[in-house]
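Participant: after the sequence you'll find the predicted model.
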Amino acid sequence: MDNRKNNTEKTNLTEKEEKKTDQELEQENQELAQDAQELSDILDKYSKPKSPSAYSQADEEKEIVYGEQYSHPYYDEDPIVGRNTFTPSIMLTRGCINIPQSYVPIDKNELQRNAKLSVHDWMSKIKPPFVENNFDCVEIRFKNSRKEFFKLPDGLEITEGDVVAVEGSPGHDIGIVTLVGELCRVQMHKKKVNPKSDTIKKLYRRAKATDIEKWVQSIEREDKTIFMTRDFVNDLKLDMKINDVEYQGDNTKAIFYYTAEDRVDFRQLIKLLAEEFRVRIEMKQIGARQEASRLGGIGTCGRELCCSSWLNNFNSVSTQVARVQQIFPNPQKLAGQCGKLKCCLNFEYDVYLDELKSFPEIGVPIHTRKGKANYIKTDVFRRLMWYVYEGSSDFIMISADTVKTLLKMNRNREPIDNLERYQIKVEPKSKINI
């Protein structure tokens, strides 16, 4: 009986608790509904459009500012930009833009703009002493930087820019005349070529229309030939790099320029090339500098490479040249496109050597009562030298003449208190208030 009473009491309690919880939930729901109604009334109140007169000038300025923020080009979609359809002329490697016409010389301005290693004819307005004794050799340009000298036949007058047919090996080649007259004699003397030598090839005639057609056809084959040859090299696993291909003007011979560190056995490659292109094959190994000269490019200075525009002689460049000019020996910055040290490091080397003759010994420390001061760096043209005490990081700038006297005092064992007495102090630049 007691158990039944207890069970009935428990059930009554649970029913009462459930009723209380239901009432509490109803009250909470009513409160939430009231809050939502109040929020909706507030939103309706402020979202109603105002009359134009109700807007103030400040509100209009705010809307303009917010509108400009969200209409910035950064938030716009990227525009659709078409691809560049520019295709360079195939004749650029020969020194002209358009396909030349037979018996019509190419304009000098066009030659100077597009030719590599072009020469200014400073003797064009100087009359020779004897008109009858004109120089009988001319300089002719072929692909990129290849130039050769040829002997003129009797009775043929040639001017700069003429497209001519010259002797090949075998057959004939097509090129553009770049130098005539006395300046050609000076150029041959500079390159140590004897104009009376029997090894100089002959110039046949001006190029005919059929010659120019074959010449253009051979030029059009060159790009395709380069890519196919590189595929052959990769298939044969040869340790060499094909840099350039030049077809002869009569389309019967092709010269392949390559670079390689070691000797390469390319007999199998020559067989494949002869079967594929049906021409006579000639392989020429060139160095890294000659490769950059033939292909051209833009240097770190932003100008055309010196070796492809005017530089002919490739003198050796060492790291000592960079040290003399107080350049930090960073191989990545000192190397050119060929991977070797830049040729322009030699341009100012002699000037630095002459200036350093009047400087004291570089790298010698100065001993003072305060301590030993080690050499850090030199500014050659400002004639300044920097030293720093051992255990310190403060640079002391001293003139080169003062360093001379201090080193002399060290040799004579004369005491030096400190270097601060001789320091050149530089006033900081005043800030400009804009």
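Facilitator: Cool, got the structure.
Participant: use CA for all of it now, contacts and neighbours both
Facilitator: Will do.
Participant: in the stretch 101-250 of the chain, which spans are strands?
Facilitator: For the stretch 101-250 of the chain, the strands defined by DSSP state E, counting those that start in this stretch cover 137-141, 147-151, 163-167, 172-179, 201-206, 241-247.
Participant: how about the ones you listed in TSV, adding mean neighbour count, distance to Met91 and mean pLDDT?
Facilitator: As requested, these are exported to TSV (neighbours: other CA atoms under 10 Å; distance: least, CA to CA, whole Å; pLDDT from 0 to 100):
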stretch	mean neighbour count	distance to Met91	mean pLDDT
strand 137-141	24	13	93
strand 147-151	18	16	94
strand 163-167	22	13	95
strand 172-179	24	11	93
strand 201-206	19	18	94
strand 241-247	20	13	94
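Participant: tell me how far Thr199 lies from Leu156.
Facilitator: In this view, Thr199 and Leu156 are 20 Å apart by CA to CA, to the nearest Å.
Participant: now swap in Glu28 and tell me
Facilitator: Between Glu28 and Leu156 the computed distance is 114 Å (CA to CA).
Participant: how about Ile212?
Facilitator: Ile212 is 19 Å from Leu156, by CA to CA.
Participant: same question for Ile176.
Facilitator: For Ile176, the distance to Leu156 equals 16 Å [CA to CA].
Participant: which non-adjacent residue is nearest Lys284?
Facilitator: Excluding its sequence neighbours, the residue lying closest to Lys284 (CA to CA, 6 or more residues apart in numbering) is Tyr257, at 4.9 Å.
Participant: so where's the stretch 51-200 of the chain shaky on pLDDT?
Facilitator: Scanning the stretch 51-200 of the chain for pLDDT under 70 picks out 51-86, 128-133.
Participant: could you redo the last one with a cut-off of 90?
Facilitator: Low-confidence segments of the stretch 51-200 of the chain (pLDDT under 90): 51-99, 101-104, 106-136, 144-145, 154-157, 169-170, 180-183, 186, 190-191, 198.
Participant: and the helices in it?
Facilitator: Using DSSP state H, counting those that start in this stretch, the helices of the stretch 51-200 of the chain run over residues 57-70, 108-114, 182-190.
Participant: what comes up buried for the last one?
Facilitator: I take that to be helix 182-190. In terms of neighbour count (16 or more other CA atoms under 10 Å), helix 182-190 has its buried residues at 182-185, 187-188.
Participant: other residues contacting stretch 288-298?
Facilitator: For stretch 288-298, contacts defined as CA atoms under 8 Å, 6 or more residues apart in numbering pick out 144-146, 243-244, 259, 304-305, 307-308, 314, 337-340.
Participant: separate out the buried members of the residues you listed.
Facilitator: Of these, these count as buried by 16+ other CA under 10 Å: 144-145, 243-244, 259, 305, 307-308, 337, 340.
Participant: and the contacts of the helix or strand that contains Arg323?
Facilitator: Here Arg323, judged by DSSP states H and E, is contained in helix 319-324. Contacts of helix 319-324 from elsewhere in the structure, counted by CA under 8 Å, 6+ apart, are 328-329, 345-346, 349, 352-353.
Participant: right, I'll leave it there.
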